[in-house]
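Visitor: Take a look and give me a structure for this.
(chains A and B)
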Amino acid sequence: MMNNQFEKQIQKKLDQFEVEPSENLFDSILESRASRSRGLFGVKVGAAILAFTTIVVVLVWNQSNDNVGIAGASAVKQQTALTEPSVEPARVIENTIAENNAKSSPTVKAESPAQKRSKPAGITKEGGLDKTGEKVSSGNLVATPNNIPGKNIANHESASSSNHQMGGEYRDNGQNIFERYFNVDASDRPAISYQEHKGTSHLLVYHSVAEERLEALGANTMRTKPVKKMPFAMDNSESSESIAYKQATQQHIITRKPLFIDVMFTPMLSLHNAAGNSEVSGNYRAMSKNNINQQFGVRLSYPIYQQWYVFAGASYLQLNTTYKGSIEHRENAVRYETVTSYINDPVRGTIPVTRIDTIQYVKSDNKQYNAENQYKIVQLPIGMSYNFGYKKFNFAIHASALFNVYAHSEGQNMDFANRQVTSYNSTKKHLGMGTGLSFMASYPLSNRFRAILEPGFQYFGINGSKNGNIVNERIFNNSLSIGLRYSLF
Amino acid sequence: MWANTKHQMTEEELLKGCLEERQECQRELYKRFAGKMMVVCLRYAKDRLEAEDMLQDGFIKIFDNIGRFKREGSLEGWVRRIMVNTALNKIRGNKMKFEDLDAGNEVFVNEEANAVERLSELSILNLINQLPNGYKIVFNMFAIEGFSHKEIADQLGIEEASSRSQYAKARKYLQNKITKLEQIKL
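Guide: Presented below is the predicted three-dimensional model:
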């Protein structure tokens, strides 16, 4: 084929052709590779230090928790009595869960006078469990372990006897106890208003919840008669030993609230819009194409009041925008046409007559544009969330302000005046702000980890063009985050 | 003396040496392909400086990924593919001009194969480089690298039909120019 011959000839010619590059180019290649390896080494070292620091912090944190438990256990030897904590009488259920684990817990073999006094009120001698509950307000709602199907408490105790000895099993504000005995998920647990621990005995005071609520949650409940006095907790004898114990234990009682760390990956569908010069932004709008982008982020949530949390985080967002399409350019134009006609003259013969016509017309030109921009943005979201739960699920509504603190952008601008696409490359420290709203659902994977699914949206502006193009892009991201939530406490 | 008797490395030895990061092997690989690859880069770059930049990036990728060469095709083909991809990545950020091509007055296009044959390699390279950026890339990718129009459209983010029409225009432009050069010579 003659047509292919042309290409083949050019191909053949250029295949044989060689052009020597600069002499020192090979040295620069080696230098570039060496310097990049050094850079990568730095990144690896940095990552290793970060990982090491994180591990150390987590270990130290766990260690300090263990120390609290151990200190509490050692204080048991000195205990004589506990005084009643001050609680809100109208909205409190008091539950004492006393576990006499004499066989496995040598530290509590010697019973304190307070324990002896409390025996007649219901603590068993067999090393099992006994519950004494009191609701000071009207109506009585006390959960007991005995009527929870499938909960073999004795087995559980023997399995964790070493923890009992240390007083460590229940040191985490009683949440484990509640989960085991009351079959209520973390999201629905009443908040603990007060707690005290004596070896393997624990006094946990919860804010009350409505009976219907507990029933709805599937918690096993039973009605009991009001107990006027709870001997273990109400003993007011203020002996010097009891004061010493109280001081010793109070020092180690830490009121903890769950602190959540979320690590998320977010694919998002970006919708672009443009503001600024109406002609240019109109063209951008006409040509914009939606892209799927991605974001990686970390979020820290801290409880402030009941189910309200504040959160802050950092994320890295890579945003690709494509403006693709064709624009028709129209302009008035004039062209001149020469028309020659002939006249047959009987004397002079054929005479040509030339006429020039001026024709005005609209000249249109269709031009294709394909501009691609990429933003690499560091974004800081700060906001509030409202948390609630249903069965094993936790839900939260997050509302945030977004601060784009650093952005690198590169790509192409459409230069409509000169009818071409020009490149740009810029780094900015501030690239505007915006807002975000999302709905989070999480499901427990283990005691500490939950899987997160969080649909939402973001809206923010980027003035990404540096060199003269006055388009201010408005980004609307429909996002779906998937991630892990780690409960620090 | 030593230089003359120096052992000519086989491709296998070269690859092994590069994998072991031996500098003499890397230098040998560079020497073998740098000249040809420079032509590849010159076809895509707007000037020599940019071409050398592409060449440098391309060889860095080659040395980094030499272990991925599967020995299924020729080493030169693999090196060339990396170089073309590097060049394409580099020029994606540049402006893509697809303005109307004006080859001057229409002339009778000489389809004779020998017309290209009679021109020097440098003249052909210069002619290709005279094409506006967008046309040049499409022409290089289709005519020389052998990409299909669909692949070109995917790579450059343009319509397949645009690739075809731009290629046709670029081809016609080059043929015109070659014919004119022929006429001048005659």
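Visitor: Which residue would be the closest one in the stretch 1-150 of chain A to chain B?
Guide: Here the stretch 1-150 of chain A gets closest to chain B at one residue, A:Glu18, 3.1 Å apart by Cβ to the nearest Cβ. In this view, the C-beta of every residue, glycine as well, is placed from N, C-alpha and C.
Visitor: In this structure A:Val362 contacts A:Glu331, no?
Guide: Yes. Judged on Cβ atoms under 8 Å, A:Val362 makes contact with A:Glu331 at a distance of 7.3 Å.
Visitor: on that earlier part again, and the residue of the stretch 1-150 of chain A closest to chain B, that one's in a helix?
Guide: No. With DSSP: H, G, I helix; E, B strand; the rest coil as the criterion, A:Glu18 is coil rather than part of a helix.
Visitor: And the pLDDT for residue 98?
Guide: As the question left the chain open, I've gone with chain A. Looking at A:Ala98, its pLDDT reads 38.
Visitor: Sorry, I should have been clearer: chain B.
Guide: Looking at B:Phe98, its pLDDT is 58.
Visitor: where exactly do the strands run in the stretch 201-350 of chain A?
Guide: Using DSSP state E, counting those that start in this stretch, the strands of the stretch 201-350 of chain A run over A:201-207, A:221-222, A:260-276, A:288-289, A:291-305, A:308-345, A:349-390.
Visitor: quick one, which of the ones you listed is nearest to chain B?
Guide: Closest to chain B of those is strand A:349-390 (Cβ to the nearest Cβ; 5.2 Å).
Visitor: Packed most tightly, which of the strands of the stretch 201-350 of chain A would that be?
Guide: strand A:201-207 (a mean of 21; mean count of other Cβ atoms under 10 Å in any protein chain shown).
Visitor: Now do the same for whichever residue of chain B sits closest to chain A: its pLDDT.
Guide: Nearest residue of chain B to chain A, counting by Cβ to the nearest Cβ: B:Gly35, 3.1 Å away. You'll see B:Gly35 listed with a pLDDT of 91.
Visitor: What is the three-state secondary structure of it?
Guide: B:Gly35 - assigned by three-state DSSP - is helix.
Visitor: ok, it touching A:Asp15?
Guide: No. At 11.6 Å, B:Gly35 and A:Asp15 do not qualify as touching, with contact defined as Cβ under 8 Å.
Visitor: Look at the residue lying closest to the residue of the stretch 1-150 of chain A closest to chain B once chain neighbours are set aside and say how many residues are nearby.
Guide: In space, A:Glu18 comes closest to B:Gly35 once its chain neighbours are excluded; the distance is 3.1 Å by Cβ to Cβ, 6 or more residues apart in numbering or on different chains. For B:Gly35, the neighbour count with other Cβ atoms under 10 Å in any protein chain shown is 14.
Visitor: how about the strands of chain B, start to end?
Guide: In chain B, no strands are defined using DSSP state E.
Visitor: What is the longest helix of it by residue count?
Guide: If you go by DSSP state H, chain B has its longest helix at helix B:160-185.
Visitor: Report the distance from that one to the chain centre.
Guide: Here the centre of helix B:160-185 is set off from its chain's centre by 18 Å, with Cα atoms, centre = their mean, to the nearest Å.
Visitor: other SSEs contacting it?
Guide: helix B:114-118, helix B:121-130, helix B:133-139, helix B:149-156 (3 or more Cβ pairs under 8 Å, 6 or more residues apart in numbering or on different chains; DSSP states H and E).
Visitor: Three-state assignment for the closest residue to chain B within the stretch 351-489 of chain A, please.
Guide: Closest residue of the stretch 351-489 of chain A to chain B, Cβ to the nearest Cβ: A:Val421 (4.8 Å). Under three-state DSSP, A:Val421 falls in the strand class.
Visitor: from memory it sits against A:Tyr369, does it?
Guide: Yes. Taking Cβ under 8 Å as the definition, A:Val421 is a contact partner of A:Tyr369 at 6.1 Å.
Visitor: can you tell me the helix or strand for A:Phe52?
Guide: Using DSSP states H and E, A:Phe52 sits in helix A:25-76.
Visitor: what's near enough to touch A:Lys428?
Guide: Neighbour list for A:Lys428: A:406-409, A:466 [criterion: Cβ atoms under 8 Å, 6 or more residues apart in numbering or on different chains].
Visitor: Around chain B, pick out the residues from the stretch 1-150 of chain A.
Guide: Neighbours of chain B within the stretch 1-150 of chain A, by Cβ under 8 Å from any Cβ of the partner chain: A:2-3, A:5-7, A:9-11, A:13-22, A:25-26, A:28-30, A:32-33, A:36.
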